[in-house]
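[1] Sequence and predicted structure, then a few things I'm wondering about:
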Amino acid sequence: MLSFRKLFIAFLILPNVYAQGITDLVKNLPHIPGKESYLASPFATTGDRLYLVGHQNGQFPDLGWHITGEMGGIWAHPIKLLDGFIVSIDGQDLTQAESFTNFPIANQHHYQTKNFRIQRTQFVPDGLTGCVVEFEIENKSTQTITTPIVFQAKSDLRPTWLGERTNMHDHADHAVFENKQWIFKDQKNPWFAIVGANEAGIPGAAPIPFNSAGNGIAKSINYTLEIPAGGKKTIQFYIAGSATSKALALKTYEKLQQNAAKLFQQKWSRVNGLAQKSKINIPDKNIQEAYTWLQYNTDGLTRDVPGIGRGISAGLPDYPWWFGTDSEYALQGAIAIGQKELTLSSMDLIHRLSQKANQNGRVIHEVSTNGAVFNPGNLNETAQFASLVWKVFQWTGDKKLLNTYFPSIKNGLNWLLGENDKDHNGFPDGSGMMEIQGLHSEMIDVASYTQKALQDAAEMAKILGENKQSDAYATQAKQLKMQINERFWNADFGSYADFRSKDPEALELIKQAIVRADTLHKPWAVAELKQTGKYITEHPSDQARPFVVHHNWVVNTPLELGVADSAKATKALETAKKFTNPFGLFVTGIDRDASAGTDAGAYKAPKIFTYTGAVMTLPTGVMAVAENNYGRPDQALDYIQKLTRSFSYALPGSMYEVSPDFGMFTQAWNVFGFAVPIVEQFFGIQPRADLREITIAPRMPSTWKEAHIENVEIGDNRINVYYKHGEKPRVTQSKNWKIILK
């Protein structure tokens, strides 16, 4: 007699299992229900080649600002396919779902009509520019009903942002009905979108109101289904496209139609496998759930564009392309949770595009999915890329990384410290993370990231046998660390300075900051800024000196990187607390509100989105890392708990860029604030795969008496760490490497 396990495996490989509908397949997946109050807010169904963005109520309104009103709908970069679709069943347009549920690789909207309960489920397969949308229709009545179904799609075949820079120009769409499908085409480009179903239908015009901008056209297909009393029936719709040919779009469509369930199971098998890597079991189950879903979300932000490359995008809906800084933070988290392939392909993409655009080691800031570079790079990105390469090398032990990237790293450091350091004091001059008009002097984040880059470059040079270069970098790193602590520290504020400059530049920035603070009704900030301006006027200097003006979050980068000496770090960490609210750290401290410095008070969303006054996930994650660097895991945990308050706040299973519900509704760098402090600091996993050596030095919060992490990939090794308060950590591994317990 077959065992239950063998019967289960046999069931999985039966051919007819793939005849299942995806509505059935999602039932056993992890899921989180949405909130009724956020039904009119965005969600995404993501794949590496295509994604769908709409509202949780099932609608596809115009949304986004990068291309005004066009960032929603269905995108297969570098083009958009559809503004969206709308369905009518039982004579009712399904424009308002009653509820929404999110799954790791799918989502579901729930509707009711007079006669039916309806579930709409959609997913995007791996590697295909297409998606499947399935409706399960349950007859609530006591009699068989024959119901009309109308599926209406609105095309909008248009290029991505900056398309004009690569000769991509939008024209009107037209459509033809062939083989029971609507085939849409841009009239002057080989851009195609195809829609149809697994049932025979007849073509129609556009009976359902669907107002959206663009040069698209709306068409419908009409179907009829007979559903028995108390019974259910499903209908699947397929959306496919191509930026190059009708033949490729048709090929994708056929794969969806023939293999929807198989493609679903293949994707879930892969994504669920990712969630088994660096798998944690910790006392705080809210954090554990957020951590696991960030593993799903990180994978879901992969953009793969033929002819350009494959890498992690920044966020949806307005940043579906690639960034230097965003990747350099996100990939630190991605490598720690075992997403090695995505990490390596993203590094390759950023490096290739930077080389093509700059040819001098400078790392780009932002590039669209058609390869058009918008910003060739702020200063911090070049330094951060060097440190990312070193970290990934420590995790993988792959010397090819150093051979590939170190020449560019050397060029980049030469560019940073040669071309951009006019007074040759070791502090490059120019913009870093903060994009405030006029703020481009000697920035604290640029100085800190440059110091870390020099330190890491010294290690890489040593491994590559470039000992003279290694010594030179190490000397520069040591000197710069000392200078940051001497020349950027402002004892009066208990903080590192936003920037160093001469008095006239500082006074102009103070003048602008007063206007900002006064406009935001921050009298404390106005008073402080005026006092700073008065001090400068009464105590003039002809030398550059450190100024705290904006209390920008980047004043904490010396703490993030361990550059700060311990005495200054302790003061600065306490100062930072004054600029937090229940969800994290204010981006610009002079914007703080009445909730600052406390976890009390109810959140009230602003009426209009703005980054002014924002509390963002990245600065908050940086503070968690910073607190751990100086032996304060309880305080680090507090920042992670602040981050977790934003998890599922608006979109179930996701965290917004601006806490708790503004900006991008899913953001790549969010994984940094969980993976780095939990994997590398709480569990203390410090890899040196090149030496086949791993140091384990846990720094656990006092409330975490027991915790473990499993299947952590380091090189070709896999380790598990079991922590119990008062005992040595227990470590198991798949290889026989040197384990150093601290």
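    Yep, it's here. Numbering: from 1, shown residues only.
[2] mind checking how far the residue nearest the centre of the chain is from N107?
    Centroid check for the chain by Cα atoms, centre = their mean gives A668 as the closest residue, at 1.4 Å. According to Cβ to Cβ, to the nearest Å, A668 and N107 sit 19 Å apart. All C-beta spots, glycine's among them, are computed from the backbone N, C-alpha and C.
[3] re the thing from before, what sits against the residue nearest to the centre of the chain?
    When contacts are counted by Cβ atoms under 8 Å, 6 or more residues apart in numbering, A668 is found next to T298, L301, I312, S313, A314, G315, D326, S327, Y329, A330.
[4] repeat for G562
    Contacts of G562 by Cβ under 8 Å, 6+ apart are N629.
[5] so how far is I640 from it?
    19 Å.
[6] how close does the residue nearest to the centre of the chain get to S345?
    14 Å.
[7] which stretches of the stretch 51-200 of the chain form strands?
    With strands called from DSSP state E, counting those that start in this stretch, the stretch 51-200 of the chain shows them at 51-55, 73-76, 79-89, 92-93, 99-102, 106-112, 116-123, 130-139, 145-159, 173-178, 181-186, 192-197.
[8] who wins for proximity to V515 among these?
    Proximity to V515, assessed across the strands of the stretch 51-200 of the chain by Cβ to Cβ, is greatest for strand 51-55 (35.8 Å).
[9] avg pLDDT for that closest one?
    The average pLDDT for strand 51-55 rounds to 98.
[10] what's the answer for stretch 352-359, then?
    97.
[11] Could you give me the buried positions within that stretch?
    For stretch 352-359, burial by neighbour count (16 or more other Cβ atoms under 10 Å) applies to L353, S354, Q355, A357, N358.
[12] In this structure, where is pLDDT below threshold?
    Across the chain, the ranges flagged by pLDDT under 70 are 1-19, 437-438, 594-610.
[13] ok, longest helix in it?
    helix 246-275 (DSSP state H).
[14] Which positions in that one come out as buried?
    In helix 246-275, counting by 16+ other Cβ under 10 Å, buried: 248-250, 252-253, 255-257, 259-265, 267-268, 271, 274-275.
[15] now it: how far from the chain's centre is it?
    23 Å (Cα atoms, centre = their mean, to the nearest Å).
[16] re the thing from before, can you redo the contacts of A668 as JSON lines with distance to H440?
    Below are these laid out as JSON lines (distance: Cβ to Cβ, whole Å):
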{"residue": "T298", "distance to H440": "32"}
{"residue": "L301", "distance to H440": "30"}
{"residue": "I312", "distance to H440": "28"}
{"residue": "S313", "distance to H440": "27"}
{"residue": "A314", "distance to H440": "22"}
{"residue": "G315", "distance to H440": "25"}
{"residue": "D326", "distance to H440": "20"}
{"residue": "S327", "distance to H440": "23"}
{"residue": "Y329", "distance to H440": "21"}
{"residue": "A330", "distance to H440": "25"}
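[17] As CSV, the residues you listed with neighbour count, distance to T557 and secondary structure would be great.
    Formatted as CSV, those follow (neighbours: other Cβ atoms under 10 Å; distance: Cβ to Cβ, whole Å; DSSP: H, G, I helix; E, B strand; the rest coil):
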residue, neighbour count, distance to T557, secondary structure
T298, 26, 23, helix
L301, 28, 24, coil
I312, 28, 22, strand
S313, 27, 24, coil
A314, 24, 19, coil
G315, 23, 21, strand
D326, 27, 16, helix
S327, 28, 17, helix
Y329, 23, 12, helix
A330, 31, 17, helix
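[18] Give the burial count for A576, as a bare number.
    When neighbours are counted by other Cβ atoms under 10 Å, A576 registers 26.
[19] And it, how far from L741?
    32 Å.
[20] again, but for T244
    From T244 to L741 the distance is 55 Å (Cβ to Cβ).
[21] same thing with H171?
    65 Å.
[22] Name whatever forms a beta bridge with the closest residue to G204 other than its chain neighbours.
    Distances taken as Cβ to Cβ, 6 or more residues apart in numbering put S220 closest to G204, at 3.9 Å, once the chain neighbours are dropped. Beta-bridge partners for S220, by DSSP bridges, are Q152, G204.
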